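**Q** Generate a structure from the sequence data that follows.
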Amino acid sequence: MSYTAYAAVQNAMETPRDLEIRAIAHVTRQLTEANAPGAEPLTRVRALNSNAKLWSILVQDLSTPENALPEMIKASYISLGLFAHRTSVAALTAPADLTTLIGLNTDILEALDQQRQASLAA
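**A** The predicted structure is shown next:
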């Protein structure tokens with residue numbers, strides 16, 4: 001089976017929550033690599049751009065009326081997303097440690113995974 005066919009099957013089986021988790025995990029790995037001592041500047045730029053883009057997409061989704069999350073939770077996630085986006089953009093021009101962004105993404109990943117596990121158990 002070709003990779004393309006495998007990817008199509010995998011994507012058809014994934015829920016939107018699974019896709020969110022996979023995207024955030026991927027970007028978090030990029031940030032972790034970029035934060036390592038001796039990381040190439042291009043690795044850092046790519047990771048920060050990916051993180052800013054990811055959070056822009058998430059904030060946009062959270063802002064739509066179709067998003068079923070309660071308004072209070074949406075507002076909290078939007079605030080976190082705006083912080084993550086701002087911090088990512090600022091870190092492009094300043095030699096900032098990326099631990100805060102990595103921690104934020106990791107916390108969101110853990111929360112999403114807990115929600116996914118709870119829905120599977122129900």
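
**Q** For Leu98, the count of nearby residues, please.
**A** When counting by other CB atoms under 10 Å, one arrives at 24 neighbours for Leu98. The C-beta positions use only the backbone N, C-alpha and C, and glycine is treated the same way.

**Q** Any chance of the backbone angles for it?
**A** As for Leu98, its main-chain torsions (degrees, to the nearest 10) stand at phi -100, psi 10.

**Q** residue contacts, it?
**A** Applying CB atoms under 8 Å, 6 or more residues apart in numbering to Leu98 gives the contacts Leu31, Thr32, Ala34, Asn35, Arg44, Ala47, Leu48, Ala91.

**Q** Nearest to Ser76 among the residues you listed?
**A** Closest approach between the contacts of Leu98 and Ser76, by CB to CB: Leu31, at 21.2 Å.

**Q** how near is the residue most central in space within the chain to Ala84?
**A** What sits nearest the mean C-alpha location of the chain, by CA atoms, centre = their mean, is Ile24, with 2.8 Å. Using CB to CB, to the nearest Å, Ile24 is found at 10 Å from Ala84.

**Q** shared neighbours, these two?
**A** Common contact partners of Ile24 and Ala84 (CB under 8 Å, 6+ apart): Asn105.

**Q** tell me the two of the contacts of Leu98 that are most distant?
**A** Farthest-apart pair in the contacts of Leu98 is Thr32 and Ala91; separation 13.9 Å (CB to CB).

**Q** circling back: please convert the contacts of Leu98 to JSON lines, extending it with secondary structure, distance to Glu14 and pLDDT.
**A** Output for those, formatted as JSON lines (DSSP: H, G, I helix; E, B strand; the rest coil; distance: CB to CB, whole Å; pLDDT from 0 to 100):
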{"residue": "Leu31", "secondary structure": "helix", "distance to Glu14": "22", "pLDDT": "98"}
{"residue": "Thr32", "secondary structure": "helix", "distance to Glu14": "23", "pLDDT": "98"}
{"residue": "Ala34", "secondary structure": "helix", "distance to Glu14": "26", "pLDDT": "97"}
{"residue": "Asn35", "secondary structure": "helix", "distance to Glu14": "28", "pLDDT": "96"}
{"residue": "Arg44", "secondary structure": "helix", "distance to Glu14": "29", "pLDDT": "96"}
{"residue": "Ala47", "secondary structure": "helix", "distance to Glu14": "23", "pLDDT": "98"}
{"residue": "Leu48", "secondary structure": "helix", "distance to Glu14": "26", "pLDDT": "98"}
{"residue": "Ala91", "secondary structure": "helix", "distance to Glu14": "30", "pLDDT": "95"}
